[in-house]
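>>> Pasting the sequence and the predicted model now:
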Amino acid sequence: QLQASGGGLVQAGGSLRLSCTVSGLTFTNNAMAWFRRAPGKAREFVAAISSGGRSTNYANSVRGRFTIFRDNVKNEAYLQMNSLKPEDTAVYYCAARKIYADFNRGAADYWGKGTQVTVSS
């Protein structure tokens, strides 16, 4: 089970940190990722991190502003979002997958329920 939290309303330029708490599976065997779905748009990849945390991948739209990281003791993954823009407004979902490669293509083994992020201008 994956549970995302930390969403909310923030002004443009602000920051938020999303958390994804994982239970019921071996966290250290899974790569983790964040996806988002904006109103009226398809779900899109945001960021991924390998099971050991050594490799990360970001969508071009968030690179340099967002950071994905994980705590393999707490079984949690995080998305630190800085310099937020109104176009970052979306429901954010965390996902887990045994294979890190091509995670950005959207296939996941497990999905969590989303958390809403709203960025006001």
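Nice, I can see it.

>>> Tell me what the residue nearest the centre of the chain is bridged to.
The geometric centre of the chain, computed from its C-alpha atoms, lies nearest to Trp34 (CA atoms, centre = their mean), at 2.4 Å. Per DSSP bridges, the residues bridged to Trp34 are Ala47, Cys94.

>>> would you list every one of the strands in the protein?
2-5, 8-11, 16-22, 31-37, 44-49, 56-58, 66-71, 76-81, 90-97, 110-111, 115-120 (DSSP state E).

>>> looking at these, which is closest to Asn104?
For the strands of the chain, proximity to Asn104 was assessed by CB to CB; strand 44-49 is nearest, at 4.3 Å. The C-beta positions use only the backbone N, C-alpha and C, and glycine is treated the same way.

>>> What helices and strands are in contact with the closest one?
Packing partners of strand 44-49 (3 or more CB pairs under 8 Å, 6 or more residues apart in numbering; DSSP states H and E): strand 31-37, strand 56-58, strand 66-71, strand 76-81.
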